[in-house]
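>>> Mind folding the following:
(chains A and B)
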Amino acid sequence: MRGLLREWRLHALSICSLVVAFACLGAALLAVVNLDVLEQRWAHAGRASVYLKDNANQRDIEALHDALLQVPHIVGVRYVSSAEARVEFGQRELENHGELAGLPVDAFPSSLEIDIAQDLTDADLADIVAKMRELPSVDDVETYRTWTDRLAKLVRGGVMASALLTIVVLGAVFAVVGSTMRLALQRRRTEVEVLRLVGATDDFVRKPFVLEGTFEGGAGALGAVGLLAALFFLVRGHVDAELAGLVGIEPTFLPWFVALGMVALGAMLGAVAALLSVRTLGSV
Amino acid sequence: MPPMESPERLRPMLRAGGSRFSRDAASRPILVFEGVHKSYRRGCPVLRGMDLVIERGEFVFVTGPSGAGKSTLLRLLYRAEVVDDGRILFLGRDVAKLREDAIPFLRRNMGIVFQDFKLVTSWTVYENIAIVLEVLGLPPRLIRTRVAEVLDRVGLGGRGEDRAGILSGGEQQRVAIARAIVGEPALILADEPTGNLDPQLAVDILGLFGEIHETGATVLFATHDRTLLDVCSRRVVVLDGGRAMDVPEGVADEYDNRLPL
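Numbering: from 1, shown residues only, chains lettered A, B, ... in the order given. Predicted coordinates for the structure are as follows:
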C-alpha cells in the first residue's frame, strides 16, 4: 500500500474516471431493474376490458356481467358506461389536450372492467377472451398484452444495452487501470530494479501493482454505486408519487446483490488489468 | 517461498528456493570462474577465457582499466548478464545454467553495492534496508531488530526514519552497504562503491567493507581507484586483455603501470 499512498493523486484520478464509467453502467442497470419491475407488475395486473357494442341493451349487459362473475379466476366485474368513460378519459387527457373536449359521448364505448386472478394462465385467458369475442353484445376485448409485450421487449432491449455497456465499461477499466499501472511501473522503475536486485521474485514485485489495480477497480465501482444512490434518493422524493400514479410502481434502487456484483466486477477487472499491464517487468 | 522464522534459515546454503545446493560446498571455493567468455560486440570480447578462484572469506580487489570487464564480471555473477561460454560456479552451482525463476534465490545469497547507490530515494532509510528481509519473509519484529543492528554497524544508528533522498552521498552508500549485509549473505559484491565519493569518504567506506569482511563475509571489491589498493593489503586481481591476473600481496608495485592513477 506504500505505492498507493505515495501516488494517491494518480490513483484518485483513475478512480474518478472509473466512477464515471461504472455510473453509466449502473444507470443502465437501474433502468433495466425498474423496467423489469414495471413489466412484472403489469404482466400480472390481472385486468381486461370488455368493450360493448353501441346497441347492447341493459339486460344483455347485466346477463354478461353475471355470467362473467361465474367464470373461474375472474374476481371482479365493473360496468363503466359511456358517460363514465368520457369522464375518466377527460380527467386524464383534457388537462393537456383541450380540443378533445368536443368529442361526443358515444365516442367512448361502455365496457365491463374485469379483474382477473393472478394464477390464470395465458392460455386460459386467451380462451376466455376468444369466447367473449363471440358474444353478440361484445365489440372487443382488451387484455393489455400488447402493452406488456412491448414492455417486455423494452426490458430485453435494456438488458442487451446493459450487456453492451458492460463491454464498453470493461474496456474503459482495462484502459484506465492499465495506463495507470504502466505509469506507476515507469515511475517506480528504481523500486522495481532494487526489488529484483535484492532477490524479490516477479510475483513479489507484481503483487503491489495488482493490489492497487484491484483497489482502483473496486473503489471506482463503489464510488459509482454511491453516486447513483445519492442521485436516486435525491430525485426519488420528487417523482415517486407521479410514477406510482402513472404506472403503478415506485422506483427502486439496484438490488444489493447487483451493487455488490458491480463492486466485485470492478475489483476483478482492476486486478486483471493490472496483472496484464505489469506482466513484463523488464530485465535487471 | 516458505516463511523464514529461525536465524538458521538465513544461511545461504538453504536459501535455494528450489533444489538444494551441495552440502559439501562449505569446503569448496565460493567462486570459480572457468574459461569465461563474454562479449557485447562481435570480435570484441570483454572477458576472454577468464579463470579465477575465490575462497570463502577472502577479500579480493578486482581492478583494471575502464572497459576491462570489472562490472561485467560482477553482472555475470548476479545474472544480470549471461556468459557466452565457460562456467561460473557459486557455492558449487553453475550460475549460467540457472532458470529465470531461480535468479531471485541466487541474489538472496549476495549483497550488492553499486557506485550509484541504487536506493529508492522516496523511501526511508529503514524501508530501503528492510526490503531485503521482507523479501525473505521475516516477521516484522525481527526485521526491526536486524535493521537497527546494521544501521548501528554502518554508523547510521537512529537514522531509520530519514528519507533516503536527503542523505549525503557517503550516508547513502552506507545505507546501501547496510542493505547489502542485512541479509547476512555469503558474498558481498561491490561495483565501484567509492566512485561517487571524495577520497576520505572512499577510505571510510573501504574501512567499513573491511569490518564486514572480518565477520566472515567474502568480499569482491571492483575498483579502478589505485589509492584504495594501497590502503590495506589485500588480494588483488587485475583484469587485463579479458583475463584475470592475480597480484600477490606485497608486490602490487610491479603492476603500477597497468593501473590508472
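
>>> What does the pLDDT read for residue A:8?
Residue A:8 is assigned a predicted lDDT (pLDDT) of 87.

>>> Could you do residue B:240 as well?
At residue B:240, the model reports a pLDDT of 86.

>>> looking at it, it is touching residue B:70, isn't it?
No: with contacts counted by C-beta atoms under 8 Å, residue B:240 stays clear of residue B:70, the gap being 11.0 Å. Using the backbone N, CA and C atoms, a C-beta is placed for each residue, glycine as well.

>>> These two: who's more crowded?
Taking neighbours as other C-beta atoms under 10 Å in any protein chain shown, residue B:240 and residue B:70 compare with residue B:70 leading, 25 against 15.

>>> Let me see the contact set for the more buried one.
By C-beta atoms under 8 Å, 6 or more residues apart in numbering or on different chains, the contact set of residue B:70 is B:62-64, B:191-192, B:222-224, B:239.

>>> ok, those vs chain A, which is closest?
Distance to chain A across the contacts of residue B:70 (C-beta to the nearest C-beta) is lowest for residue B:191, with 11.2 Å.

>>> Nearest residue to the middle of the chain?
This is for chain A. Among the residues of chain A, the one closest to the centroid is residue A:32, at 1.6 Å (C-alpha atoms, centre = their mean).

>>> switch to chain B, that's the one I care about
residue B:189 (1.0 Å).

>>> In this structure that residue contacts residue B:74, no?
Yes: counting by C-beta under 8 Å, residue B:74 is a contact partner of residue B:189 at 5.0 Å.

>>> Name the residues contacting each of these two.
B:112, B:220, B:222.

>>> what about the first one, which helix or strand?
What it means is residue B:112. strand B:110-114 (DSSP states H and E).

>>> Near chain B, which residues of the stretch 101-250 of chain A are found?
Contact residues (C-beta under 8 Å from any C-beta of the partner chain) of the stretch 101-250 of chain A with chain B: A:190-191, A:193-202, A:204.

>>> from those, which is closest to chain B?
residue A:199 (3.6 Å).

>>> returning to what we had before: tell me which helix or strand the residue nearest to the centre of chain B sits in.
For residue B:189, the host element (DSSP H and E) is strand B:187-191.

>>> Which strands border that strand, and is each parallel or antiparallel?
Strand B:187-191 sits in its sheet next to strand B:110-114 (parallel), strand B:218-222 (parallel), going by DSSP bridges.

>>> what's the closest of those to residue B:173?
strand B:110-114 (7.3 Å; C-beta to C-beta).

>>> neighbours of the residue in the stretch 151-261 of chain B that chain A sits nearest to, just the number please.
Closest contact between the stretch 151-261 of chain B and chain A, by C-beta to the nearest C-beta, is at residue B:179 (7.1 Å). Residue B:179 is flanked by 28 other residues according to other C-beta under 10 Å.

>>> how about the closest residue to it other than its chain neighbours, secondary structure?
The spatially closest residue to residue B:179, leaving aside those adjacent along the chain, is residue B:129, at 4.8 Å (C-beta to C-beta, 6 or more residues apart in numbering or on different chains). Assigned with DSSP: H, G, I helix; E, B strand; the rest coil, residue B:129 falls in the helix class.

>>> coming back round to it: could you name every residue contacting both of residue B:240 and residue B:70?
With C-beta under 8 Å, 6+ apart as the test, residue B:240 and residue B:70 both reach residue B:64.

>>> Residue A:266 is in contact with residue A:170, correct?
No: using C-beta under 8 Å as the test, residue A:170 is too far from residue A:266 to be in contact (10.1 Å).

>>> who's more crowded, the two?
Between residue A:170 and residue A:266, counting by other C-beta under 10 Å, residue A:266 is the more crowded of the two (31 against 16).

>>> which of the residues in the helix or strand that contains the more buried one are buried?
Using DSSP H and E, residue A:266 maps to helix A:256-277. Neighbour-count burial for helix A:256-277 flags A:259, A:262-263, A:265-267, A:269-275, A:277 (criterion: 16 or more other C-beta atoms under 10 Å in any protein chain shown).

>>> I'd like to know which of those residues is nearest to chain B.
Proximity of the buried residues of helix A:256-277 to chain B (C-beta to the nearest C-beta) peaks at residue A:275, which lies at 17.2 Å.

>>> Secondary structure element for residue 72, which one?
You didn't say which chain, so I picked chain A. Assessed by DSSP H and E, residue A:72 sits outside every helix and strand.

>>> To clarify, I was referring to chain B.
According to DSSP H and E, residue B:72 maps onto helix B:70-77.

>>> nearest spatial neighbour of the closest residue to chain A within the stretch 1-150 of chain B, skipping sequence neighbours?
Using C-beta to the nearest C-beta, the closest approach of the stretch 1-150 of chain B to chain A is made by residue B:108 at 3.6 Å. Leaving aside its sequence neighbours, residue B:108 sits nearest to residue A:199 (C-beta to C-beta, 6+ apart; 3.6 Å).

>>> Surely that neighbour is in a helix?
No: with three-state DSSP as the criterion, residue A:199 is located in coil rather than a helix.

>>> which residues does it contact?
Applying C-beta under 8 Å, 6+ apart, the residues near residue A:199 are B:104-108, B:132, B:135-136.

>>> These in helices, which ones?
B:104-107, B:132, B:135-136 (DSSP state H).

>>> low pLDDT regions in the stretch 1-150 of chain A?
Along the stretch 1-150 of chain A, the parts satisfying pLDDT under 70 run over A:41-46, A:88-106, A:118, A:145, A:148.

>>> For whichever residue of it sits closest to chain B, give me its contacts.
In the stretch 1-150 of chain A, the residue that lies nearest chain B is residue A:6 (6.3 Å; C-beta to the nearest C-beta). Going by C-beta under 8 Å, 6+ apart, residue A:6 touches residue B:122.

>>> re the thing from before, just checking the distance from the helix or strand that comes right after the strand holding residue B:189 to the centre of its chain.
Counting by DSSP H and E, the element after strand B:187-191 in chain order, helix or strand, is helix B:199-214. Distance, stretch centre to chain centre, for helix B:199-214: 14 Å (C-alpha atoms, centre = their mean, to the nearest Å).

>>> Just want the angle from helix B:199-214 to strand B:218-222.
150 degrees (axes from the mean of the first three to the mean of the last three C-alpha atoms, to 10 degrees).

>>> Show me what helix B:199-214 is in contact with.
With C-beta under 8 Å, 6+ apart as the criterion, helix B:199-214 contacts B:57, B:59, B:153-155, B:169-170, B:173-174, B:177, B:181, B:188, B:190, B:193-194, B:197, B:219, B:221, B:225, B:227-228, B:231-232.

>>> and what of stretch B:240-248?
Contacts of stretch B:240-248 (C-beta under 8 Å, 6+ apart): B:33, B:45-52, B:62, B:64-65, B:68-69, B:235-239, B:254-255, B:258.

>>> In strands only, show me the residues you listed.
B:33, B:45-52, B:62, B:235-239 (DSSP state E).
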